[in-house]
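A.B. asks: Model the structure of this input:
(one chain, ligands or ions: 2)
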Amino acid sequence: MSIDLKSLIRTIPDYPKPGIRFRDISTLLTDAAGFTEAIERMVSGAPHDIDLVAGIEARGFLFAGGIAPKLSAGVLMLRKAGKLPGPAMGTDYALEYGADRLEMHEGAVPRGARVLLVDDLIATGGTAIAATKLIEQAGGVCAGASFLIDLPDLGGAARLRDSGLRVQSLIDFEGE
Ligand SMILES: O=P(O)(O)OC[C@H]1O[C@H](OP(=O)(O)OP(=O)(O)O)[C@H](O)[C@@H]1O
Ligand SMILES: Nc1ncnc2[nH]cnc12
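C.D. replies: Numbering: from 1, shown residues only. Ligands and ions are numbered 1, 2, ... in the order given. Predicted structure coming up:
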């Protein structure tokens, strides 16, 4: 029997700002069976001819680290501004509750490498679209995107699909 992964997500109202319903994955992460099943389902819905799994800091790292070995792929860290030690390239983007910048090491993506983008959640899609731009700017091919959670009311997954990307998510919070 499959686990009801949605029941393992906790919703915290008015975090980090009034009006935001924060979908907290920490309660799924501490559930060993739930986290294991989430990784297995993300792997089975993703394209398998992948060279690198790109995880978005911070929560995306957890899923990228779980998925990549199962696809025999490496992990590409997409970090927030100023965290990488080597020469980096980056892009600025808007969030549901602010603004941020994503960076990656120059030369981290071999030309033509097939990259699966992974994060815990997609909302407006600002972060994921910035990530796909960065991967492509670096010479990689964004072969798909996998999220644990989609907030369809904010339209991010639809925007990504409209750009031609294969997108999967396991859990939706719609109109709630
Ligand atoms: O689709 P979007 O509207 O761009 O929002 C989605 C992003 O927001 C959250 O990260 P956050 O920026 O809160 O960073 P964190 O993981 O470091 O807490 C989430 O983990 C995604 O990366
Ligand atoms: N509502 C939300 N909950 C958790 N992470 C988010 N990232 C953007 N919107 C979010």
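A.B. asks: Enumerate every residue touching the residue sitting nearest the centre point of the chain.
C.D. replies: Residue closest to the mean C-alpha point of the chain, counted by CA atoms, centre = their mean, is Asp119 at 1.5 Å. Under the criterion of CB atoms under 8 Å, 6 or more residues apart in numbering, the contact list for Asp119 reads 55-56, 59-60, 63, 127-128, 131, 145, 147. In this view, the C-beta of every residue, glycine as well, is placed from N, C-alpha and C.
A.B. asks: Narrow those residues to those in strands?
C.D. replies: 55-56, 145, 147 (DSSP state E).
A.B. asks: Mind putting these into a markdown table with pLDDT, neighbour count and distance to ligand 1?
C.D. replies: Below are those laid out as a markdown table (pLDDT from 0 to 100; neighbours: other CB atoms under 10 Å; distance: CB to the nearest ligand atom, whole Å):
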| residue | pLDDT | neighbour count | distance to ligand 1 |
| --- | --- | --- | --- |
| Gly55 | 98 | 27 | 10 |
| Ile56 | 98 | 26 | 5 |
| Ala145 | 98 | 28 | 11 |
| Phe147 | 98 | 26 | 8 |
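A.B. asks: So the residue nearest to the centre of the chain lies in a strand, does it not?
C.D. replies: Yes. Assignment of Asp119 by DSSP: H, G, I helix; E, B strand; the rest coil places it within a strand.
A.B. asks: what comes up buried for stretch 51-64?
C.D. replies: For stretch 51-64, the neighbour count (16 or more other CB atoms under 10 Å) marks 51-57, 59-64 as buried.
A.B. asks: If we check ligand 2, which of those are in contact?
C.D. replies: Among those, not one lies near ligand 2 by CB under 6 Å from any ligand atom.
A.B. asks: Closest to ligand 2 out of these?
C.D. replies: Proximity of the buried residues of stretch 51-64 to ligand 2 (CB to the nearest ligand atom) peaks at Arg59, which lies at 7.8 Å.
A.B. asks: Surely that closest one touches Val118?
C.D. replies: No. If you go by CB atoms under 8 Å, Arg59 and Val118 don't touch, sitting 10.0 Å apart.
A.B. asks: Would you mind measuring from Ser7 to ligand 2?
C.D. replies: For Ser7, the distance to ligand 2 equals 17 Å [CB to the nearest ligand atom, to the nearest Å].
A.B. asks: dump the residue contacts of that residue.
C.D. replies: Contacts for Ser7 (CB under 8 Å, 6+ apart) come out as none.
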